[in-house]
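**Q** show me the folded form of this:
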Amino acid sequence: MNNRPRLFGINKSNRDYSKADTWGKNQFNSSFPASLGCFLHAKGMKAVYYKAKSNMDIELSYIGIDELYGLNPLGEEIYFSFETQYTTYQKYVIGSIPRNDLVILNNGQCISSLEVKLVALPDNSTCNLSEDEYGSEIVVRPDTIVYLACSIIESCRDDRRDLKLLLGKDGEEIEDWSNPAELLQHICGISDAIKRIVRANVSNQKPIIMEPIWKTEGKSSQLADNCLDVFVWSNLGMLSLFMPSEPENVHAITRHTRTMIWLYKMLFDYANNCRFNGEQIIDELSYNLKNDKAFSSNGLRTHKIMKCKELLKPRIMKSEIKNIILGGGQNLLSPERRFDAIIYNSPDLFKEEQ
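**A** Next up, the predicted model:
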């Protein structure tokens, strides 16, 4: 019997779960979701999947964890590599491709790549609403926009000529990309260009963000009985998190509109120069906003998009957490983040039923 601290399904990884520091800080927030995905697969369940329709509305569907990871999550060949570069996208960027939360490898070859966002349900904006109105806040890193641009380029089959046609003339007309006033004159054109890209590639979407949720009883620190589930955003589906619904009424550059500009500029530079410098674009096109995150969308916004039976009643019970965290791994958690702290201070979760 294996009594070493470990996580269900993660047998080959660049993290050693027998060491306490592997359970600390942000590492748990990507390791646990990867294991949760394996557990979902073992139970014969699929993740909820948010894809874009051709009109930019969201299509709710499901995606198997084997499709999400690109390999059988419980197979012998799968290797979980955390905080790793997805080198498949290196050819699109100037400089080094950023590291991503989770890269799935097979014999050293990159298979898939995901940003992982473990989020609480409800968040502060929805915790005082009725349970059927709960939502989670999602915070997206600037590096994810680099990955978003690369995934769209790949969806366009690296066809620079076609991409250039879809992007239109706005990029060619902008003289100073760092000038907010000038960019605001092109917001509608930029938004329309991205919508054209969606229409042209709606059948070529791919997962980009894995967003597991953990649900509490209101704003308390007590886990709900049905407390865990996995949600996934496609590259085109995640556009709904930051794209302005009425670009003609945008009168100032916010983090959301800036993210749209970043994406457009990355695609524009690739279409014209074969590569783009994501780091430089993010650094130089700040518009007096901090670059610590690309954007965040609170539960009031995400609930409208994510509303489904799994959000209301997550499928994994809190009694099943002991089947995901194994070998006493809960004793190595550092109770410095909310989810870690709840498990660390809930030893009853790991008691065997009589």
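**Q** distance-wise, check the nearest residue to Asp192 once chain neighbours are set aside relative to Ser240.
**A** Nearest non-adjacent residue to Asp192, counting by Cβ to Cβ, 6 or more residues apart in numbering: Gly168, 7.1 Å away. In this view, the C-beta of every residue, glycine as well, is placed from N, C-alpha and C. The gap separating Gly168 from Ser240 is 21 Å, by Cβ to Cβ, to the nearest Å.
**Q** in the stretch 251-354 of the chain, where is pLDDT below threshold?
**A** 335-338, 340-341, 344-345, 353-354 (pLDDT under 70).
**Q** the strands in it, which residues?
**A** 295-297, 316-317, 325-326 (DSSP state E, counting those that start in this stretch).
**Q** returning to what we had before: and the gap between the residue nearest to Asp192 and Pro314?
**A** For Gly168, the distance to Pro314 - Cβ to Cβ - is 42 Å.
**Q** between those two, which has more neighbouring residues?
**A** Pro314 (23 against 17; other Cβ atoms under 10 Å).
**Q** now the more buried one. Nearest residue, chain neighbours left out?
**A** In this structure, Pro314 finds its nearest non-sequential neighbour in Asp229, 3.7 Å apart by Cβ to Cβ, 6+ apart.
**Q** now the one you found: which helix or strand?
**A** strand 223-234 (DSSP states H and E).
**Q** any idea how many residues pack against the closest residue to Trp177 other than its chain neighbours?
**A** Leaving out its chain neighbours, the residue that sits closest to Trp177 by Cβ to Cβ, 6+ apart is Leu285, at 5.8 Å. By other Cβ under 10 Å, the residues close to Leu285 number 19.
**Q** verify the stated contact: Leu285 with Tyr264.
**A** No. Here Leu285 does not reach Tyr264: they are 10.3 Å apart, not a contact under Cβ atoms under 8 Å.
**Q** so what's the closest residue to Leu7 other than its chain neighbours scoring on pLDDT?
**A** Of all residues beyond its chain neighbours, the one nearest Leu7 is Ser35 (3.7 Å), with distances taken as Cβ to Cβ, 6+ apart. On pLDDT, Ser35 comes in at 98.
**Q** and for Ser35, the neighbour number?
**A** Ser35: 24 surrounding residues under other Cβ under 10 Å.
**Q** next, give phi and psi for it.
**A** Dihedral pair for Ser35: phi -70, psi -40, per degrees, to the nearest 10.
**Q** from memory it sits against Gly9, does it?
**A** Yes. Between Ser35 and Gly9 a contact is recorded at 5.4 Å, counting by Cβ under 8 Å.
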